[in-house]
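Engineer: Based on what follows, work out the 3D shape:
(one chain, ligands or ions: 2)
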Amino acid sequence: MAAANRDAFWAPSSKVNPDLARERESATFDVRELTHIIDGSPDRTKRRKELENLLYSEPVFRDVGRLSMERDEIYEQGVLKSIKLFEWSRKYKWDDDDFELASRLANHDISMSLQHAMFIPAIERLASDTQKAKWLPRALHYEMIGTYAQTELGHGTNLMELETTATFDPERNEFIMNSPTVTSMKWWPGALGKSSNTAIVLAQLIVKGKNHGLHPFLVPLRSMEDHTPLPGISVGDIGPKMALNCIDNGFLIMKNVRIPRENMFMKNAEVTRDGRFISRGVDKANYATMVLVRVKITRWAFESLSDGATTAVRYSVVRRQSSLKPGERELQVLDYQSQQYKVLPALAASYAFLMTNRSLHRLYDSVHADIMAGNTKLLAELHCQSSALKAYMSEVVVQLLELCRQACGGHGYLASSGIGLLCASSAPLVTVEGENSVLYQQAARYLMKQVAKAVVGDPVASGFQYLLTQSSSDRPDIRIQNLADCGNLDTLLQVYQRMAFSVVTGAARKLQMAIESGVEQHVAWNNNMVSLIQAARFYALHGIAKEAGYFLATPTLTPDQFELVRAAELQAMAKVRHDAVPLVDAFDLHDICLHSALGCYDGNVYERLYALAQTSSLNKTQVHPAYYKHIRGLVKDGQKQLRQQSKL
Ligand SMILES: CC(C)(COP(=O)(O)OP(=O)(O)OC[C@H]1O[C@@H](n2cnc3c(N)ncnc32)[C@H](O)[C@@H]1OP(=O)(O)O)[C@@H](O)C(=O)NCCC(=O)NCCSC(=O)/C=C/CCCCCCCCCCCCC(=O)O
Ligand SMILES: Cc1cc2nc3c(=O)[nH]c(=O)nc-3n(C[C@H](O)[C@H](O)[C@H](O)COP(=O)(O)OP(=O)(O)OC[C@H]3O[C@@H](n4cnc5c(N)ncnc54)[C@H](O)[C@@H]3O)c2cc1C
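Structural biologist: Ligands and ions are numbered 1, 2, ... in the order given. Prediction:
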């Protein structure tokens, strides 16, 4: 397909698939009004449209060729997109919301995403005022292109065991950075391989032979003149990944790299000129950047899931396949109850995740403001909420996106469906910024402390009051006697709180019994890890149906009540099915952002699948060179053998 045609590829067509059109005509609500709620306000919708026009007027963001690009081209395109966004951000003075929105419209498909996702936020959170004054202008004007280098080849989860060292040299008033072992090389940080010229390196601080734990250091990596690695620095790309291949995740080996003492981030601790170590604020304040990214990941979870739900719902009303009764017209596959069960949970969860992210972001903003003012009282609760929700939402996204892919049949397996790439690019969300099983345990650890407080009648954190209300002897019975009761959100909340109370206190009891039996605390913890992780997970009717065991095995729902919930879930799906297309239309995803032949707004799925097939590199010639090199010989030999056989 010629570049011009490729560019036209995503232009919306006036001819809309009739099934899709009919679904839109029967909407029971104002789609535009819901779009404003999803965007946050009519002004934010207007702003999003402005940014769409800006980005999608640039060929690099139209991206049609992306399906058949080599890695170097993908990386270079990601660099170009990064620079476009950086230039616009500087020119139009974008705030964080605008940058995050533009990044989303580019599907976060930008090589130097860590500049705004972690590098600048880390300077804002971990640097002293003097250091911020020096480093922020250089980062915001993109002289410093940076990454956040914490994970090593040998350790990602267990920060205490990271091996990179920063040894203070009082003679020269410098730190000497070292990667003492092969497993200590930094490994994975985004944009580290080829793009960054600077890194925030997490290292064990050694002063006068004493290890003062993990601290952040600003380490120049490459010359500001010609980008060659600086002395003692060995840096490169770690190789192709499942997706996100525009990002040059890299490795970094440091051999006696010297940096000024002033390059240790000094908001939370410092080493004085005469070599004294001084700690300020809370021990875990240096983990603040990770908490921020965990909150961002709950937003990325909503974005990924709404992309997947949009593609799967639109395709499921366009696709007709088989009939319920012979001779009748083939059914829209979304009318099969099994299809609804695959696709509609992703739609429902998209809305739930949008609201959950907003709520968590409000908590983050409030607690972050407190911390910046020196009040760390709610840091532990924020750590628990951000750990649990990042883990749970990323886990659910990965599961539901795979179901959305399966719901699209064979075409869902084509790269041009966009949904395979979406599954692959969202897959690492369960790993990055804290692997889920580890973060669930962080939440469980906090939960166990709340249980211990509730048991002795001490006040518990605001998000955990159910541990008190559900434990009281006069707690009301669960009122689920008919389908209508199942639609009562207060009742459903009570169901979850009742179950959560049972599962959480059950895990606490098991843990306590193990310890009282004489088992050491860490052994007891490991032996009850699954229960503790379950104690940290949960969403509404579908969540109850999916997790039946926890609602039936605890004094929460009777089997009859559970059956009512199941029936109510199927009834709710039938209702949602009616408005499924308007509900995904309300996400208002531009076809270029959605990047899917199956999910495009006009529903002309088959024409787009065929058009995109033409862009396959295998179709450059009618007869592929492989024929002349290999297949022709095989066929000729076959013909020769058949002739010889026929003479026998
Ligand atoms: C927490 C640990 C596991 C353990 O901590 P540790 O200190 O060792 O010991 P503990 O005893 O457990 O904790 C001690 C106490 O400290 C408290 N604590 C711990 N952490 C925190 C914290 N962060 N804040 C506050 N308090 C904390 C803990 O509760 C204890 O308190 P108490 O004693 O009980 O009172 C720790 O080791 C850890 O955090 N490990 C995880 C390491 C980690 O997170 N690494 C991240 C590296 S950076 C990274 O991964 C960056 C990634 C960049 C993003 C990449 C994104 C790529 C995907 C993009 C896809 C986009 C999809 C969109 C697609 C589309 O739209 O199309
Ligand atoms: C796409 C991508 C981008 C990344 N970007 C960055 C970046 O910019 N900067 C950066 O520093 N890092 C980055 N990382 C690294 C990421 O943070 C780590 O991969 C993550 O922290 C997990 O560490 P690990 O890979 O060493 O796995 P490990 O910690 O070795 O864990 C391996 C497995 O062991 C199990 N496990 C480990 N510990 C426990 C435990 N305590 N309890 C129970 N089970 C456990 C889990 O199943 C886990 O999956 C990135 C990774 C990816 C995939």
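
Engineer: Point out where the stretch 201-350 of the chain drops to low pLDDT.
Structural biologist: Within the stretch 201-350 of the chain, the segments meeting pLDDT under 70 span 281, 283.

Engineer: Next to ligand 1, which bits of it? Give me the list.
Structural biologist: Proximity of the stretch 201-350 of the chain to ligand 1, by C-beta under 6 Å from any ligand atom, involves residues L244, K284, Y287, M290, V291, V293, W300, E303, S304, D307. For every residue, glycine as well, the C-beta is placed using N, CA and C.

Engineer: Can you flag which of those residues belong to strands?
Structural biologist: When those are checked against strands using DSSP state E, none is located there.

Engineer: Closest to ligand 2 out of those residues?
Structural biologist: Nearest to ligand 2 among those: L244, at 5.5 Å, using C-beta to the nearest ligand atom.

Engineer: That closest one and P428 touch, don't they?
Structural biologist: Yes - if you go by C-beta atoms under 8 Å, L244 and P428 touch, sitting 7.0 Å apart.

Engineer: The two - which one has more neighbours?
Structural biologist: Shown here are L244 and P428; by other C-beta atoms under 10 Å, L244 has more neighbours (21 against 18).

Engineer: Can you classify the closest residue to that one other than its chain neighbours by secondary structure?
Structural biologist: Excluding the flanking residues, the one nearest L244 by C-beta to C-beta, 6 or more residues apart in numbering is S425, at 5.4 Å. When classified by DSSP: H, G, I helix; E, B strand; the rest coil, S425 comes out as helix.

Engineer: starting at the chain centroid, how far to the helix or strand hosting S338?
Structural biologist: Using DSSP states H and E, S338 sits in helix 337-372. Centroid separation for helix 337-372 versus its chain: 12 Å, with C-alpha atoms, centre = their mean, to the nearest Å.

Engineer: mind listing what's buried in that helix?
Structural biologist: 339-354, 356-357, 360, 363-364, 367-368, 371 (16 or more other C-beta atoms under 10 Å).

Engineer: Ok, stretch 548-559 next?
Structural biologist: Applying 16+ other C-beta under 10 Å to stretch 548-559 flags Y550, F551, L552, T554, T556, L557 as buried.

Engineer: ok, now which ones touch the third one?
Structural biologist: So that's L552. Residues in contact with L552 (C-beta atoms under 8 Å, 6 or more residues apart in numbering) are P559, F562.

Engineer: Widest-spaced pair of the residues of the stretch 201-350 of the chain next to ligand 1?
Structural biologist: Pairwise distances across these (C-beta to C-beta) peak at 33.9 Å, for the pair K284 and D307.

Engineer: Looking at these two now, which is surrounded by more residues?
Structural biologist: D307 (29 against 14).

Engineer: Looks like that one contacts L594 (just checking).
Structural biologist: Yes - the pair D307 / L594 is scored as a contact, 6.0 Å apart, by C-beta under 8 Å.

Engineer: Mind listing the shared neighbours of the two?
Structural biologist: In contact with both D307 and L594: G418, using C-beta under 8 Å, 6+ apart.

Engineer: Now do the contacts for the residue of the chain found nearest ligand 2.
Structural biologist: Closest residue of the chain to ligand 2, C-beta to the nearest ligand atom: G156 (2.0 Å). Applying C-beta under 8 Å, 6+ apart, we find G156 in contact with W188, E435.

Engineer: how close does it sit to N256?
Structural biologist: The gap separating G156 from N256 is 25 Å, by C-beta to C-beta, to the nearest Å.

Engineer: How far off centre is stretch 396-408?
Structural biologist: Centre to centre, stretch against its chain (C-alpha atoms, centre = their mean), the figure for stretch 396-408 is 15 Å.

Engineer: Check stretch 270-290 too.
Structural biologist: On the basis of C-alpha atoms, centre = their mean, stretch 270-290 sits 30 Å off its chain's mean C-alpha point.

Engineer: Can you give me the end-to-end span of it?
Structural biologist: End-to-end distance of stretch 270-290 (C-alpha to C-alpha, to the nearest Å): 21 Å.

Engineer: tell me which residues of that stretch are tucked away?
Structural biologist: E270, V271, F277, A285, N286, Y287, A288, T289, M290.

Engineer: count of neighbours near the residue lying closest to the fourth one once chain neighbours are set aside?
Structural biologist: Looking back up the chat, that one is A285. The shortest distance from A285 to any non-neighbouring residue, by C-beta to C-beta, 6+ apart, is to N268 (4.5 Å). Counted with other C-beta under 10 Å, the neighbours of N268 add up to 22.

Engineer: just checking, T157 touches N436?
Structural biologist: No - using C-beta under 8 Å, T157 makes no contact with N436, being 10.6 Å away.

Engineer: Specify which residue of those two has the higher count of neighbours.
Structural biologist: With neighbours defined as other C-beta under 10 Å, T157 and N436 compare such that N436 has more, 21 against 13.

Engineer: Relative to V291, how far out is the more buried one?
Structural biologist: Separation of N436 from V291 (C-beta to C-beta): 15 Å.

Engineer: still on that earlier bit, show me what contacts the residue nearest to A285?
Structural biologist: Contacts for N268 (C-beta under 8 Å, 6+ apart) come out as L126, S279, R280, G281, V282, A285, N286.

Engineer: do that again at 10 Å, thanks
Structural biologist: For N268, the contact set (C-beta atoms under 10 Å, 6 or more residues apart in numbering) comprises 125-128, 215-216, 278-288.

Engineer: Alpha carbons only: can I get stretch 512-527 in CSV?
Structural biologist: Written as CSV, here are the backbone C-alpha positions of stretch 512-527 (Å, rounded to 0.1, in the frame of the first residue of the first chain):
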residue,chain,number,x,y,z
GLN,A,512,-1.3,-16.3,64.2
MET,A,513,-1.9,-20.0,64.8
ALA,A,514,1.2,-20.9,62.9
ILE,A,515,3.3,-18.5,64.9
GLU,A,516,1.8,-19.6,68.2
SER,A,517,2.6,-23.2,67.3
GLY,A,518,6.2,-22.2,67.4
VAL,A,519,6.8,-21.7,63.6
GLU,A,520,9.1,-18.7,62.9
GLN,A,521,7.3,-15.6,61.5
HIS,A,522,8.9,-15.7,58.0
VAL,A,523,8.2,-19.5,57.7
ALA,A,524,4.6,-19.0,58.8
TRP,A,525,4.3,-16.1,56.3
ASN,A,526,5.5,-18.2,53.4
ASN,A,527,3.4,-21.2,54.4
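
Engineer: Fine by me, we can end here.
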